[in-house]
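Enquirer: Would you be able to build a 3D model of this:
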Amino acid sequence: MTVHYQVHTDVAVLTLDLPPVNSLGLAMRQALAAGLQRAQDEPQVQAIVLTGAGKAFSGGADITEFGHDAAFAEPNLHTLIAMVEGCSKPVVAALHSVCMGGGLELALACHYRMATPDCKLGLPEVKLGLLPGAGGTQRLPRALGVEPALNMIVSGEPVAAALLAQVPGQKLLTQLATSAATLLDEAVALARSVASVRPLPLVAALRARHPQGDAYFQFARNMVKGMAKHFPAPAKCVDAVQAATQQKITDGLATERDLFLQLMFTPESRALRHLFFAERAASKIPDVPANTPLRAIESVAVIGAGMMGGGIAMNFLNAGVPVKLLETKQEALERGVATIRKNYEGQLAKGKLTQDKYAQRMALLSTTLDYADLKDADLVIEAVFEDMAVKQAVFTQLDAVAKPGAILASNTSTLDLNQIAAFTQRPQDVVGLHFFSPANVMKLLEVVRGAKTANDVLATAMAVAKKIRKTAVLSGVCDGFIGNRMIERYSQQAGFLLDEGCTPEQVDKAAEQFGFAMGPFRMSDLAGNDIGWAIRKRRAIERPDIRYSKTADLLCEQGRFGQKTGAGWYDYLPGKRNAIPNADVVAMIAANRQAQGITPRQIADEEIVQRLVFSLVNEAAHILEEGIATKASDIDVVYIFGYGFPVHRGGPLCYANEVGLFNVVAAMQRFANNPLDDAAFWQPAPLLQRLVAEGKSF
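Expert: Alright, predicted model coming up:
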C-alpha cells in the first residue's frame, strides 16, 4: 500500500509510504487521489492532513517516468494538485525531513503547511536541466516572495524550514512544528482548528510582485547567463517566475508547462538525467549481491605522505576515520603532515571549516616510520611511486604485518593489479583504489577488481567510497584501467594535431569551447608532463607498434614538466595557474614538423574536438567489449567526475549517442584517410561497428 488512510476522530490522515523518498509515481498518485476522495466523501471527516512515512514527506516526481507515458497518465501530478487545491475540506501538509520537487509543489497546493524546523524544502529540477513543472514556478513566488523563490528555483538547493519561516511576509509555512516526534499531533490540532474556516486559503490566489519589475528579471537573466552558459534551464526558470508576476495563475501554469516541455527535450536535460541515473547505478556491481556482508573499516593506514597520500588521508579524516600515515623518512612525514595542515588552514580561512572540526580531524591523524605499526589497520592504501619494484617492496612488507581480513589497496593508476596482488599470500584481499588528484577534492574513485578480489572486499570498497563522499566506478584490470587508458588515446590525437598544424593554445581553446574544464595540454601541464613521458618510454618497449607525436618527448627533454617546474606546454608565474603561451615551444613544434617534411594546414575547431572526443569513444567501446567496464554509463561517470568532460554533454558515450553512432563512425573513417593521422588508430571497435549495423546506441 502506497498511502495509508486513518481517521483521528474528525481528521483524516493520509500518509505517503513508498521508500526511500515517497516519490509521486503513478501508483502513488492513484492512491493519494483515492484517499482524498474518500476523505471528502466521509461526513465525519472535517479536515485532512497529508504527511510522509519514513525519511521524507516526498522527494518529488518519479524521475524514471520522465519521457514516458506514465508521467502523463491520469491522475498526473497537475490533476492531483488541482484536486488538493479544490478540496472542499481544509488540507494541511505536515512536512518533515525532505520535501522536494513535486513534493513541494503538492504541499503548495495544500491550504496550510506545517514543517519541522530542519525539514529541507527545495525545487531541484534545474539540476536535471528542467524547471519545476507542476506549478512550482507559479506558486512558490506567490507564497515566499519573488526573490527568495527565484533563488531557490535557479539554484535547485534545498533550504531548511526554520530559515524559510523567517522570510518577511512569507505565506509558505503556516507554522513550524516543535519536533518530528510531535509533528503529526500538531498538524492534526492545526487541521482541527481551521476545519470551519472559509474561504479556504489558496496560494494560487496570492499575488507575486517585485518592486523593480522587469528590470529585476533582466538583472536575474544576466546573472544566470554568466553562471550557466551551457545550460538553458536557469534562464527559462527566470522566464517562468516572471510569468508568475504578470499572468493569472491559469495562464502562468500554461507558460510553465510550455517551458518545461521545451527543456524536457533538450540534449542538456537528457545529459543531466542520464548522469543522475548513471551516478546511482555506478555503485551496483552485477555479480556482487546488494546484501553482501561488509568488512568493518574503523581504522585506515596510508603509505606515502606525498601529495596523493596526504589527500587520500584527508578523505578519511573528514569522515571521522582514524588514519595512520607511514613514510620511510621523518622529513617526508613532517612535510606530508604540514601539507595536510596547510590544506585545512586554507579551508579555515575561507570559513569552510570550524576550528573545532579542524582540531578533531588532526587529532585522528597519527604517523609512523615502521610497517609493524600498521598491524591493526582495517584498510591499508599505498600511494607510493608508480613503479612495480616499489609496489612489490610495499606489498611484501604489508603481507607480513597486516592482520587477517585487512583490505590491502593500491592507488596505482596504470600498473597490473593482479601482479601487485601476487606479491601477497592473500590476493583475495587486494583491490585497486585509484584516487584522482587532488585526492581530497576530486570526486571520482576507480575501484579496480583483480582476478582474485573477493566480493566482500568489492562491496566494502564501494561502501567506503560512499562514506568518504566519492563516486566509485568499478574497473577491471588493464593498463590504465578506464580513465587513463582512454586519456592516452586522447593525448595521442592531441599530439598528431600539433604535427599537422595546430598550436597547444588552439587545441586547448577548441576543447574548452566544447566545454572541457581544460584542454589536453593545460591538463598535461597540471598532471606533470613527465608522467606521460614515463608511460611512453614503457610503451616503446612493450608496444612499439603504438604511434606518438615526438613533440611531448622533445618538451620533456628540455625539462618542461608543467606547472610544478613553471614551464611546460605553457609558462607559469610562481603561485599562479594561468597558462602563458611560449614562443619557443611553438617554434619547437614547427621545427619538429619541418624535420618530418609536414606542411602545416589550418585545422577547424570542429575537427579538433571530433578527433579528441571520438578517440575517447572508440577506446571506450573496446573497454566495454573487453568487460573492463560493466556498463557504458560507468565510463561517462569516470569522464565527468575524473577528467572534466562537460557535464552538459553527459559524458563521451552519452554525447556519441546524441551525435549518432553512424555519424561517429563516418567521421572516424574520414580521419583514417588522413595520411598524417593513424589509420589503425581509427579502426572502429567491433562493438561500435555492431551497434551501428544494428541501429543501436550505447
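Enquirer: Just the element for Ile589, please.
Expert: Assigning secondary structure by DSSP states H and E places Ile589 in helix 583-595.
Enquirer: same question but for Val49, I mixed them up
Expert: Assigned by DSSP H and E, Val49 belongs to strand 47-52.
Enquirer: Give the other helices and strands that that strand contacts.
Expert: Other helices and strands packing on strand 47-52, by 3 or more C-beta pairs under 8 Å, 6 or more residues apart in numbering; DSSP states H and E, are strand 11-16, helix 26-41, strand 91-95, helix 102-109, helix 183-193. Using the backbone N, CA and C atoms, a C-beta is placed for each residue, glycine as well.
Enquirer: before we move on, back to that, so how far is the helix or strand just after the helix holding Ile589 off the chain centroid?
Expert: Reading on from helix 583-595 to the C-terminus, the next helix or strand found by DSSP H and E is helix 605-625. Its chain's C-alpha centre and that of helix 605-625 lie 22 Å apart, by C-alpha atoms, centre = their mean, to the nearest Å.
Enquirer: Val188 against His8, yeah?
Expert: Yes: counting by C-beta atoms under 8 Å, Val188 does reach His8; the two are 5.3 Å apart.
Enquirer: out of the two, which sits in the busier spot?
Expert: When neighbours are counted by other C-beta atoms under 10 Å, Val188 and His8 differ, and Val188 comes out ahead with 21 against 16.
Enquirer: Ends of stretch 284-303, what's the gap?
Expert: When the termini of stretch 284-303 are compared using C-alpha to C-alpha, to the nearest Å, they are 29 Å apart.
Enquirer: Can you list the buried residues in that stretch?
Expert: By neighbour count with 16 or more other C-beta atoms under 10 Å, stretch 284-303 contains the buried residues Ile285, Val288, Thr292, Arg295, Ile297, Ser299, Val300, Ala301, Val302, Ile303.
Enquirer: same thing with stretch 317-332?
Expert: Buried residues in stretch 317-332, counted by 16+ other C-beta under 10 Å: Leu317, Asn318, Ala319, Val321, Val323, Lys324, Leu325, Leu326, Glu327, Ala332.
Enquirer: Kindly report the same for stretch 571-588.
Expert: Residues of stretch 571-588 classed as buried by neighbour count (16+ other C-beta under 10 Å): Asp571, Tyr572, Ala579, Asn582, Val585, Met588.
Enquirer: Looking at the residues you listed, which two lie furthest apart in space?
Expert: Greatest spacing in the buried residues of stretch 571-588, by C-beta to C-beta: Tyr572 and Met588 (17.5 Å).
Enquirer: I'd say Phe481 and Leu444 touch.
Expert: No: between Phe481 and Leu444 there is no contact, the gap being 11.2 Å when judged by C-beta under 8 Å.
Enquirer: wait, isn't Val21 in contact with Ser58?
Expert: Yes: when contacts are counted by C-beta under 8 Å, Val21 is listed as touching Ser58 (6.7 Å).
Enquirer: Following the helix or strand of the chain with the lowest mean pLDDT in sequence, what is the next regular element?
Expert: Ranked by mean pLDDT, DSSP states H and E, the weakest helix or strand in the chain is helix 529-542, scoring a mean of 86. The first helix or strand that comes after helix 529-542 along the chain, using DSSP H and E, is helix 551-557.
Enquirer: that older thread, pull the strand holding Val49 out as PDB, backbone CA atoms only.
Expert: Coordinates of each C-alpha in strand 47-52 appear next as PDB, following Å, rounded to 0.1, in the frame of the first residue of the first chain:
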ATOM      1  CA  ALA A  47     -10.200  18.300   7.700                       C
ATOM      2  CA  ILE A  48      -7.300  16.300   6.100                       C
ATOM      3  CA  VAL A  49      -3.600  16.000   6.900                       C
ATOM      4  CA  LEU A  50      -1.100  14.900   4.300                       C
ATOM      5  CA  THR A  51       2.300  13.500   5.500                       C
ATOM      6  CA  GLY A  52       5.000  11.100   4.600                       C
END
